[in-house]
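Undergrad: Okay, structure incoming, though there's no sequence with it:
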């Protein structure tokens, strides 16, 4: 499961970066930018936050489980 979350995080970060670059180019080309453009990156950013926090906490959870099994 951890490998799948890492892959998901990796591909989501690539999609997020590309979407921000593309949206930025489009907004700069317009005379008056739309308000919804500022909300576009929020969904991938939220997914990156969740998967990133999971990967951050995972080593601590494993260490705690290992200590509980040994003790």
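TA: Received, thanks. Note that this is a predicted model, so its numbers are computed, not measured. Residues are numbered from 1 along each chain as shown.

Undergrad: Spell out the secondary structure type for residue 31.
TA: coil (DSSP: H, G, I helix; E, B strand; the rest coil).

Undergrad: State the distance from it to residue 24.
TA: With distances taken as CB to CB, to the nearest Å, residue 31 is found 15 Å from residue 24. Quick note: C-beta positions are derived from backbone N, CA and C, even for glycine.

Undergrad: Between those two, tell me which one has more neighbours.
TA: Between residue 31 and residue 24, counted using other CB atoms under 10 Å, the more crowded position is residue 24 (12 against 4).

Undergrad: Contact partners for the most centrally placed residue in the chain?
TA: Nearest to the geometric centre of the chain sits residue 48, at 1.3 Å (CA atoms, centre = their mean). By CB atoms under 8 Å, 6 or more residues apart in numbering, the contact set of residue 48 is 9, 12, 13, 16.

Undergrad: quick one: which of the residues you listed is nearest residue 68?
TA: Proximity of these to residue 68 (CB to CB) peaks at residue 9, which lies at 27.1 Å.

Undergrad: mind listing the helices in the protein by residue range?
TA: Applying DSSP state H to the chain gives helices spanning 2-29, 42-70.
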